[in-house]
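Chemist: predicted model, plus sequence, below.
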Amino acid sequence: MENIKALDQTYVAPTYGRFDVVLTEGKGCIAYGEDGREYIDMGSGIGVNLFGYCDEVWKEAVITQLNSLQHTSNLYYTGPCAELARELCERTGLKKVFFCNSGAEANETAIKAARRYGELNKGPEFYTIITLKNSFHGRTLTTLAATGQDKFHQLFQPLTPGFVSVEANNIEALKAAVKENNVCAIMLECIQGEGGVNVLTQDFIDAVKEIAKQEDLLILDDEVQTGNGRTGALYAYMHYGFTPDVVTTAKGLGGGLPIGAVMLGEKTADLFHPGDNGSTFGGNPAVCAGALANLKRLDETRMNEVNRKSQLIFETLNEKPNVRSISGKGLMIGIEPEKGTAVDIAKKCLTKGVLVLTAGGNRVRLLPPLNISEENLKKALDVILAAFEDEGKE
Ligand SMILES: *Cc1c(COP(=O)(O)O)cnc(C)c1O
(Lines give C-alpha, C1' and ligand atoms only; values in the text may rest on other atoms or scores of the structure.)
Protein backbone atom coordinates (compact mmCIF):
# COMPACT_ATOMS: atom_id res chain seq x y z
CA MET A 1 0.00 0.00 0.00
CA GLU A 2 1.17 3.53 -0.71
CA ASN A 3 2.51 5.49 2.19
CA ILE A 4 -0.55 7.61 2.98
CA LYS A 5 1.23 9.80 5.48
CA ALA A 6 3.97 10.72 2.98
CA LEU A 7 1.40 11.34 0.25
CA ASP A 8 -0.61 13.63 2.53
CA GLN A 9 2.47 15.53 3.61
CA THR A 10 3.46 16.08 -0.01
CA TYR A 11 0.11 17.11 -1.44
CA VAL A 12 -2.32 18.25 1.28
CA ALA A 13 -2.02 21.85 2.48
CA PRO A 14 -0.47 21.62 5.93
CA THR A 15 -3.21 23.44 7.87
CA TYR A 16 -3.59 20.67 10.48
CA GLY A 17 -1.28 19.27 13.13
CA ARG A 18 -2.24 15.64 12.63
CA PHE A 19 -1.65 12.82 15.10
CA ASP A 20 0.64 10.12 13.78
CA VAL A 21 -2.04 7.63 12.78
CA VAL A 22 -3.87 6.71 9.56
CA LEU A 23 -7.48 5.61 10.13
CA THR A 24 -8.98 3.24 7.59
CA GLU A 25 -12.22 1.88 9.04
CA GLY A 26 -14.59 2.21 11.93
CA LYS A 27 -17.55 0.53 13.60
CA GLY A 28 -19.50 2.09 16.44
CA CYS A 29 -17.10 3.92 18.75
CA ILE A 30 -14.07 1.94 17.50
CA ALA A 31 -11.75 3.23 14.78
CA TYR A 32 -9.21 0.94 13.12
CA GLY A 33 -5.74 2.13 12.15
CA GLU A 34 -3.79 1.16 9.05
CA ASP A 35 -1.46 -0.63 11.45
CA GLY A 36 -4.32 -2.93 12.52
CA ARG A 37 -4.73 -1.25 15.90
CA GLU A 38 -8.08 -0.45 17.53
CA TYR A 39 -8.86 2.96 18.97
CA ILE A 40 -11.83 3.94 21.14
CA ASP A 41 -12.91 7.26 19.63
CA MET A 42 -13.84 9.68 22.42
CA GLY A 43 -14.11 12.56 19.94
CA SER A 44 -16.57 11.35 17.24
CA GLY A 45 -14.45 13.20 14.69
CA ILE A 46 -15.09 16.52 16.39
CA GLY A 47 -18.56 15.78 17.69
CA VAL A 48 -19.72 14.70 14.22
CA ASN A 49 -20.25 10.93 14.23
CA LEU A 50 -23.24 11.19 16.56
CA PHE A 51 -23.90 7.43 16.58
CA GLY A 52 -20.35 6.38 15.85
CA TYR A 53 -18.83 4.94 12.68
CA CYS A 54 -20.97 3.31 10.00
CA ASP A 55 -24.11 3.35 12.13
CA GLU A 56 -26.69 1.05 10.52
CA VAL A 57 -29.82 3.21 10.95
CA TRP A 58 -28.14 6.33 9.59
CA LYS A 59 -26.45 4.42 6.74
CA GLU A 60 -29.74 2.84 5.70
CA ALA A 61 -31.45 6.25 5.51
CA VAL A 62 -28.62 7.79 3.49
CA ILE A 63 -28.21 4.84 1.11
CA THR A 64 -31.97 4.56 0.48
CA GLN A 65 -31.99 8.22 -0.50
CA LEU A 66 -28.84 7.83 -2.65
CA ASN A 67 -30.67 5.18 -4.62
CA SER A 68 -33.44 7.61 -5.59
CA LEU A 69 -32.09 11.18 -5.80
CA GLN A 70 -28.65 12.30 -4.60
CA HIS A 71 -28.96 16.00 -5.38
CA THR A 72 -31.00 18.60 -7.11
CA SER A 73 -30.65 22.36 -7.08
CA ASN A 74 -32.61 24.48 -4.66
CA LEU A 75 -34.79 25.55 -7.60
CA TYR A 76 -36.87 22.44 -6.90
CA TYR A 77 -38.58 20.95 -3.84
CA THR A 78 -37.35 17.70 -2.27
CA GLY A 79 -38.83 15.60 0.53
CA PRO A 80 -35.95 15.03 3.00
CA CYS A 81 -35.11 18.75 3.23
CA ALA A 82 -38.74 19.69 3.97
CA GLU A 83 -39.19 16.84 6.44
CA LEU A 84 -35.98 17.64 8.31
CA ALA A 85 -37.02 21.30 8.55
CA ARG A 86 -40.39 20.25 10.00
CA GLU A 87 -38.75 17.96 12.56
CA LEU A 88 -36.34 20.73 13.66
CA CYS A 89 -39.17 23.28 13.98
CA GLU A 90 -41.54 20.94 15.80
CA ARG A 91 -38.85 19.88 18.25
CA THR A 92 -37.61 23.42 19.02
CA GLY A 93 -40.59 25.71 18.51
CA LEU A 94 -38.60 27.78 16.03
CA LYS A 95 -40.35 28.65 12.79
CA LYS A 96 -38.18 28.19 9.72
CA VAL A 97 -34.87 26.56 8.74
CA PHE A 98 -32.15 27.55 6.26
CA PHE A 99 -29.81 24.70 5.26
CA CYS A 100 -26.14 25.01 4.32
CA ASN A 101 -23.01 22.84 4.67
CA SER A 102 -21.04 23.75 7.76
CA GLY A 103 -21.04 25.47 11.10
CA ALA A 104 -19.25 28.56 9.84
CA GLU A 105 -21.72 28.95 7.00
CA ALA A 106 -24.65 28.56 9.40
CA ASN A 107 -23.17 31.28 11.63
CA GLU A 108 -22.65 33.53 8.61
CA THR A 109 -26.37 33.28 7.98
CA ALA A 110 -27.20 33.99 11.63
CA ILE A 111 -25.01 37.11 11.39
CA LYS A 112 -26.77 38.14 8.17
CA ALA A 113 -30.12 37.73 9.95
CA ALA A 114 -28.90 39.94 12.81
CA ARG A 115 -27.77 42.65 10.39
CA ARG A 116 -31.10 42.56 8.55
CA TYR A 117 -32.93 42.75 11.88
CA GLY A 118 -30.83 45.69 13.09
CA GLU A 119 -31.29 47.64 9.90
CA LEU A 120 -35.04 47.04 9.67
CA ASN A 121 -35.89 47.55 13.34
CA LYS A 122 -33.27 49.92 14.73
CA GLY A 123 -31.44 51.65 11.89
CA PRO A 124 -28.50 50.94 9.55
CA GLU A 125 -25.83 51.83 12.14
CA PHE A 126 -27.07 49.04 14.45
CA TYR A 127 -24.93 46.23 13.06
CA THR A 128 -22.63 45.41 15.98
CA ILE A 129 -22.86 41.93 17.46
CA ILE A 130 -21.61 41.24 20.98
CA THR A 131 -19.81 37.90 21.22
CA LEU A 132 -17.96 36.26 24.11
CA LYS A 133 -14.27 35.86 24.85
CA ASN A 134 -13.04 32.29 24.24
CA SER A 135 -15.90 31.65 21.82
CA PHE A 136 -15.42 29.85 18.53
CA HIS A 137 -17.74 30.54 15.61
CA GLY A 138 -15.83 29.37 12.53
CA ARG A 139 -13.05 30.03 10.03
CA THR A 140 -14.58 32.36 7.43
CA LEU A 141 -13.43 35.97 7.72
CA THR A 142 -16.69 37.04 9.34
CA THR A 143 -17.00 34.13 11.77
CA LEU A 144 -13.32 34.63 12.70
CA ALA A 145 -14.22 38.22 13.53
CA ALA A 146 -17.08 36.88 15.68
CA THR A 147 -14.72 34.45 17.42
CA GLY A 148 -13.56 36.11 20.65
CA GLN A 149 -9.98 34.82 20.64
CA ASP A 150 -7.17 37.09 19.49
CA LYS A 151 -5.02 34.20 18.28
CA PHE A 152 -7.54 33.63 15.48
CA HIS A 153 -7.49 37.28 14.40
CA GLN A 154 -3.85 37.93 13.73
CA LEU A 155 -3.18 36.28 10.38
CA PHE A 156 -5.99 37.55 8.21
CA GLN A 157 -6.49 41.27 8.75
CA PRO A 158 -8.67 43.13 8.07
CA LEU A 159 -11.56 41.07 9.39
CA THR A 160 -15.24 41.94 8.96
CA PRO A 161 -16.13 44.88 11.21
CA GLY A 162 -19.01 44.90 13.68
CA PHE A 163 -17.97 42.54 16.46
CA VAL A 164 -17.14 43.30 20.09
CA SER A 165 -16.31 40.51 22.52
CA VAL A 166 -16.86 40.55 26.27
CA GLU A 167 -15.88 38.12 29.00
CA ALA A 168 -18.28 35.16 29.35
CA ASN A 169 -20.43 35.14 32.49
CA ASN A 170 -19.60 38.82 33.15
CA ILE A 171 -22.93 40.63 33.24
CA GLU A 172 -21.47 44.10 33.88
CA ALA A 173 -19.12 43.79 30.89
CA LEU A 174 -22.05 42.77 28.72
CA LYS A 175 -24.16 45.73 29.88
CA ALA A 176 -21.29 48.15 29.24
CA ALA A 177 -20.67 46.81 25.72
CA VAL A 178 -24.34 47.09 24.85
CA LYS A 179 -24.34 50.69 26.07
CA GLU A 180 -21.17 51.68 24.21
CA ASN A 181 -22.04 50.21 20.79
CA ASN A 182 -24.92 50.22 18.32
CA VAL A 183 -25.85 46.60 18.91
CA CYS A 184 -28.27 44.34 17.00
CA ALA A 185 -27.53 40.96 18.61
CA ILE A 186 -25.70 38.90 21.23
CA MET A 187 -24.06 35.71 19.98
CA LEU A 188 -23.08 32.88 22.32
CA GLU A 189 -22.42 29.18 22.79
CA CYS A 190 -24.26 27.94 25.92
CA ILE A 191 -21.21 25.75 26.48
CA GLN A 192 -18.08 27.00 24.74
CA GLY A 193 -16.49 24.05 22.96
CA GLU A 194 -13.20 24.95 21.32
CA GLY A 195 -12.62 27.63 23.95
CA GLY A 196 -12.33 25.11 26.79
CA VAL A 197 -15.75 23.53 27.54
CA ASN A 198 -16.86 26.56 29.56
CA VAL A 199 -20.46 26.38 30.72
CA LEU A 200 -22.39 29.67 30.76
CA THR A 201 -24.14 30.34 34.07
CA GLN A 202 -27.92 30.55 34.41
CA ASP A 203 -27.49 34.08 35.80
CA PHE A 204 -25.60 35.18 32.72
CA ILE A 205 -28.17 33.69 30.32
CA ASP A 206 -30.95 35.34 32.37
CA ALA A 207 -29.13 38.67 32.00
CA VAL A 208 -28.70 38.12 28.25
CA LYS A 209 -32.44 37.47 27.99
CA GLU A 210 -33.27 40.59 30.00
CA ILE A 211 -30.90 42.91 28.12
CA ALA A 212 -31.99 41.53 24.75
CA LYS A 213 -35.60 42.26 25.66
CA GLN A 214 -34.92 45.78 26.93
CA GLU A 215 -32.71 46.78 24.01
CA ASP A 216 -34.51 44.84 21.26
CA LEU A 217 -31.51 42.60 20.46
CA LEU A 218 -31.52 39.17 18.90
CA ILE A 219 -29.97 36.21 20.73
CA LEU A 220 -27.91 34.11 18.30
CA ASP A 221 -27.23 30.69 19.81
CA ASP A 222 -24.36 28.76 18.23
CA GLU A 223 -25.18 25.08 18.79
CA VAL A 224 -22.82 23.79 16.14
CA GLN A 225 -21.09 21.66 18.77
CA THR A 226 -23.60 21.55 21.65
CA GLY A 227 -26.58 20.66 19.47
CA ASN A 228 -28.34 17.41 18.59
CA GLY A 229 -28.35 15.69 21.96
CA ARG A 230 -24.68 16.27 22.75
CA THR A 231 -25.26 17.92 26.14
CA GLY A 232 -28.14 15.71 27.29
CA ALA A 233 -30.85 17.98 25.87
CA LEU A 234 -31.79 18.20 22.19
CA TYR A 235 -30.23 21.69 22.13
CA ALA A 236 -28.20 23.15 25.00
CA TYR A 237 -30.44 26.25 25.32
CA MET A 238 -33.14 23.89 26.60
CA HIS A 239 -31.18 23.48 29.84
CA TYR A 240 -31.61 27.21 30.49
CA GLY A 241 -35.31 27.75 29.83
CA PHE A 242 -35.22 30.27 27.00
CA THR A 243 -35.75 30.24 23.25
CA PRO A 244 -33.09 32.01 21.14
CA ASP A 245 -34.05 34.06 18.09
CA VAL A 246 -31.63 32.13 15.90
CA VAL A 247 -30.12 28.69 16.57
CA THR A 248 -27.31 27.40 14.37
CA THR A 249 -26.19 23.80 14.29
CA ALA A 250 -23.96 21.53 12.20
CA LYS A 251 -21.37 18.94 13.38
CA GLY A 252 -23.48 16.11 14.89
CA LEU A 253 -26.61 16.84 12.85
CA GLY A 254 -25.35 15.11 9.70
CA GLY A 255 -23.99 12.07 11.55
CA GLY A 256 -20.82 12.27 9.43
CA LEU A 257 -21.92 14.10 6.29
CA PRO A 258 -21.68 17.88 5.89
CA ILE A 259 -24.70 19.95 6.87
CA GLY A 260 -25.41 23.24 8.58
CA ALA A 261 -28.82 24.44 9.72
CA VAL A 262 -30.04 27.84 10.84
CA MET A 263 -33.29 27.81 12.79
CA LEU A 264 -35.16 31.09 12.76
CA GLY A 265 -37.67 32.10 15.45
CA GLU A 266 -40.68 34.45 15.53
CA LYS A 267 -38.61 37.61 15.10
CA THR A 268 -36.32 36.27 12.39
CA ALA A 269 -38.39 33.84 10.30
CA ASP A 270 -39.46 36.53 7.82
CA LEU A 271 -36.14 38.32 7.36
CA PHE A 272 -35.05 36.42 4.24
CA HIS A 273 -36.81 36.47 0.87
CA PRO A 274 -36.07 34.62 -2.40
CA GLY A 275 -32.59 35.58 -3.59
CA ASP A 276 -31.43 36.96 -0.21
CA ASN A 277 -29.37 33.92 0.73
CA GLY A 278 -28.53 30.53 -0.75
CA SER A 279 -26.27 27.49 -0.90
CA THR A 280 -25.74 25.11 -3.83
CA PHE A 281 -25.48 22.01 -1.66
CA GLY A 282 -27.73 23.25 1.17
CA GLY A 283 -30.54 20.81 2.00
CA ASN A 284 -28.91 17.93 0.12
CA PRO A 285 -31.45 15.07 0.17
CA ALA A 286 -29.06 12.28 1.18
CA VAL A 287 -27.54 14.31 4.00
CA CYS A 288 -30.98 15.46 5.18
CA ALA A 289 -32.35 11.88 5.12
CA GLY A 290 -29.51 10.75 7.41
CA ALA A 291 -29.95 13.75 9.70
CA LEU A 292 -33.69 13.15 9.99
CA ALA A 293 -33.16 9.49 10.90
CA ASN A 294 -30.70 10.51 13.63
CA LEU A 295 -32.82 13.36 14.98
CA LYS A 296 -35.81 11.01 15.41
CA ARG A 297 -33.65 8.82 17.68
CA LEU A 298 -32.85 11.72 20.01
CA ASP A 299 -35.82 11.14 22.31
CA GLU A 300 -36.17 11.33 26.09
CA THR A 301 -34.86 7.80 26.60
CA ARG A 302 -31.72 8.67 24.65
CA MET A 303 -31.23 11.91 26.58
CA ASN A 304 -31.54 9.97 29.87
CA GLU A 305 -28.90 7.57 28.59
CA VAL A 306 -26.59 10.48 27.70
CA ASN A 307 -27.07 12.00 31.15
CA ARG A 308 -26.41 8.63 32.86
CA LYS A 309 -23.13 8.22 30.97
CA SER A 310 -22.26 11.82 31.79
CA GLN A 311 -22.71 11.12 35.48
CA LEU A 312 -20.49 8.06 35.15
CA ILE A 313 -17.76 10.22 33.57
CA PHE A 314 -17.98 12.90 36.28
CA GLU A 315 -17.95 10.29 39.07
CA THR A 316 -15.02 8.37 37.55
CA LEU A 317 -12.86 11.46 37.05
CA ASN A 318 -13.74 13.20 40.30
CA GLU A 319 -10.71 13.93 42.53
CA LYS A 320 -8.35 11.66 40.60
CA PRO A 321 -4.58 12.23 40.41
CA ASN A 322 -3.57 15.23 38.28
CA VAL A 323 -7.22 16.15 37.48
CA ARG A 324 -7.72 19.78 38.50
CA SER A 325 -11.22 20.36 37.12
CA ILE A 326 -13.99 18.75 35.10
CA SER A 327 -16.51 20.84 33.15
CA GLY A 328 -19.33 20.36 30.67
CA LYS A 329 -22.73 18.73 30.37
CA GLY A 330 -23.95 15.47 28.89
CA LEU A 331 -21.30 13.94 26.66
CA MET A 332 -19.41 17.19 26.16
CA ILE A 333 -16.69 17.16 28.79
CA GLY A 334 -13.54 19.20 29.47
CA ILE A 335 -10.81 17.93 31.81
CA GLU A 336 -8.05 20.19 33.06
CA PRO A 337 -4.76 18.74 34.35
CA GLU A 338 -2.91 20.08 37.39
CA LYS A 339 0.40 19.50 35.65
CA GLY A 340 1.44 19.03 32.04
CA THR A 341 -0.36 19.78 28.81
CA ALA A 342 -3.60 18.48 27.36
CA VAL A 343 -1.80 17.83 24.06
CA ASP A 344 0.75 15.52 25.73
CA ILE A 345 -2.07 13.70 27.53
CA ALA A 346 -3.89 13.27 24.21
CA LYS A 347 -0.72 11.77 22.67
CA LYS A 348 -0.40 9.37 25.61
CA CYS A 349 -4.03 8.29 25.21
CA LEU A 350 -3.42 7.66 21.51
CA THR A 351 -0.52 5.30 22.20
CA LYS A 352 -2.84 3.38 24.55
CA GLY A 353 -5.63 3.16 21.96
CA VAL A 354 -7.94 6.05 22.90
CA LEU A 355 -8.63 9.12 20.75
CA VAL A 356 -9.38 12.32 22.67
CA LEU A 357 -9.59 15.99 21.67
CA THR A 358 -8.12 19.05 23.31
CA ALA A 359 -9.59 22.53 23.82
CA GLY A 360 -8.53 25.98 24.96
CA GLY A 361 -7.51 26.56 28.57
CA ASN A 362 -5.37 23.38 28.49
CA ARG A 363 -8.37 21.04 28.48
CA VAL A 364 -8.70 17.47 27.26
CA ARG A 365 -12.09 17.42 25.54
CA LEU A 366 -14.38 14.40 25.25
CA LEU A 367 -17.25 14.20 22.73
CA PRO A 368 -17.88 10.44 22.46
CA PRO A 369 -20.63 8.97 20.26
CA LEU A 370 -23.93 9.18 22.16
CA ASN A 371 -24.41 5.41 21.90
CA ILE A 372 -20.96 4.41 23.22
CA SER A 373 -21.33 1.31 25.43
CA GLU A 374 -20.64 1.71 29.14
CA GLU A 375 -17.98 -0.97 28.79
CA ASN A 376 -16.03 0.98 26.16
CA LEU A 377 -16.62 4.22 28.03
CA LYS A 378 -15.10 2.72 31.21
CA LYS A 379 -12.15 1.28 29.26
CA ALA A 380 -11.47 4.67 27.69
CA LEU A 381 -11.76 6.47 31.04
CA ASP A 382 -9.22 4.08 32.59
CA VAL A 383 -6.74 4.96 29.83
CA ILE A 384 -7.46 8.69 30.17
CA LEU A 385 -6.99 8.58 33.96
CA ALA A 386 -3.70 6.70 33.59
CA ALA A 387 -2.51 9.30 31.06
CA PHE A 388 -3.40 12.14 33.46
CA GLU A 389 -1.61 10.41 36.33
CA ASP A 390 1.44 9.68 34.20
CA GLU A 391 1.63 13.27 32.94
CA GLY A 392 1.48 14.49 36.53
CA LYS A 393 4.63 12.56 37.43
CA GLU A 394 6.83 14.16 34.78
C1 LIG B 1 -16.89 23.64 14.88
C2 LIG B 1 -17.62 24.86 15.26
C3 LIG B 1 -17.91 25.87 14.31
C4 LIG B 1 -17.42 25.79 12.89
O5 LIG B 1 -18.01 24.72 12.20
P6 LIG B 1 -17.43 24.27 10.77
O7 LIG B 1 -18.38 23.20 10.35
O8 LIG B 1 -16.04 23.78 11.00
O9 LIG B 1 -17.46 25.46 9.89
C10 LIG B 1 -18.66 26.94 14.72
N11 LIG B 1 -19.11 27.06 15.99
C12 LIG B 1 -18.85 26.12 16.92
C13 LIG B 1 -19.40 26.28 18.31
C14 LIG B 1 -18.08 25.00 16.59
O15 LIG B 1 -17.81 24.09 17.52
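Modeler: Structure received. Numbering: from 1, shown residues only.
Chemist: which SS class is residue 283?
Modeler: coil (DSSP: H, G, I helix; E, B strand; the rest coil).
Chemist: so what's the predicted local confidence for the residue of the chain found nearest the ligand?
Modeler: In the chain, the residue that lies nearest the ligand is residue 103 (2.3 Å; C-beta to the nearest ligand atom). C-beta here means a position set from N, CA and C on the backbone, and glycine is covered the same way. At residue 103, the predicted lDDT confidence score is 98.
Chemist: in stretch 77-95, what's buried?
Modeler: By 16 or more other C-beta atoms under 10 Å, the buried positions in stretch 77-95 come out as 78, 80, 81, 83, 84, 85, 87, 88, 89, 91, 92, 94.
Chemist: I meant stretch 294-312, not that one.
Modeler: 294, 295, 297, 298, 302, 303, 305, 306, 307, 309, 310.
Chemist: so where is the stretch 201-350 of the chain shaky, pLDDT-wise?
Modeler: The model of the stretch 201-350 of the chain has no residue with pLDDT under 70.
Chemist: report the contact partners of the residue of the chain closest to the ligand.
Modeler: 137, 138, 222, 224, 225, 248, 249, 250, 251, 260 (C-beta atoms under 8 Å, 6 or more residues apart in numbering).
Chemist: tell me the centre residue of this protein?
Modeler: In the chain, the centroid-proximal residue (C-alpha atoms, centre = their mean) is residue 225; its distance is 1.2 Å.
Chemist: these two touch, right, it and residue 47?
Modeler: Yes. With contact defined as C-beta atoms under 8 Å, residue 225 and residue 47 form a contacting pair (5.2 Å).
Chemist: shared neighbours of these two, anything?
Modeler: Shared contacts of residue 225 and residue 47, counting by C-beta under 8 Å, 6+ apart, come down to 193, 251, 252, 332, 367.
Chemist: those in strands, which ones?
Modeler: Members of these lying in strands (criterion: DSSP state E): residue 332.
Chemist: out of the shared contacts of residue 225 and residue 47, which touch the ligand?
Modeler: 193, 251 (C-beta under 6 Å from any ligand atom).
Chemist: possible to save the shared contacts of residue 225 and residue 47 as a markdown table with neighbour count?
Modeler: As requested, these are exported to a markdown table (neighbours: other C-beta atoms under 10 Å):
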| residue | neighbour count |
| --- | --- |
| 193 | 26 |
| 251 | 27 |
| 252 | 31 |
| 332 | 24 |
| 367 | 30 |
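Chemist: which one among the shared contacts of residue 225 and residue 47 gets closest to residue 63?
Modeler: residue 252 (19.8 Å; C-beta to C-beta).
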